[in-house]
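Q: what would the 3D arrangement of this be:
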Amino acid sequence: MAYNINNACTGCGSCSRICPVGAITGEKKSTHAIAPGLCIECGSCGRICPAGAVEDPFGIAPVRLKKSQWPAPVFDRKSCMACVICLDACPTGCLTVGQPEGKDPNGYPTMAELSSCLGCGLCVADCPADAIALETRQAS
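A: Just a heads-up that it's a prediction; the model follows:
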């Protein structure tokens, strides 16, 4: 089920600018809409909406947060299988494979571009080894 935009929408366009798949359309100062077939339920539109007009599939408005407070993935290299499924799951391409370290020949997933991360959790959901957790971003 996709997210929805209700009548509280002011048409500011924040949601359409942040959507990684272009699922949100609308004219400036008019109520925007989310295409259910395109929405990947990342929640970034709801976290950024200043009017609280975005609702999750259960009709609940996500908590608005500054992007610097959005969660980001943290990888447990002891559990990680270096399968890189998380890279394919990421809608923004903010993850990459790091260089092998020491005697371990594998490169493991790592954050390539924190500013692009939506904190959507799709990498967490797809990880077969439960080696990824979302945590509050660390200030750089």
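
Q: pLDDT score for M1?
A: As predicted, M1 sits at a pLDDT of 87.

Q: neighbours of it, how many?
A: 9 (other C-beta atoms under 10 Å). Yep, even glycine has a C-beta here, placed from its N, CA and C like the rest.

Q: so, low pLDDT: which residues of this protein?
A: The chain contains residues with pLDDT under 70 at 138-140.

Q: how much space separates P50 from G37?
A: P50 sits 26 Å away from G37, taking C-beta to C-beta, to the nearest Å as the criterion.

Q: so which of those two has more stuff around it?
A: Neighbour count, other C-beta under 10 Å: between P50 and G37, P50 has more, with 10 against 7.

Q: let me see the domain layout of this protein.
A: 1-64, 69-136 (automatic domain parsing).

Q: ok, now which ones touch the residue lying farthest from the centre of the chain?
A: What lies farthest from the middle of the chain is K103; by C-alpha atoms, centre = their mean that is 33.1 Å. Applying C-beta atoms under 8 Å, 6 or more residues apart in numbering to K103 gives no contacts.
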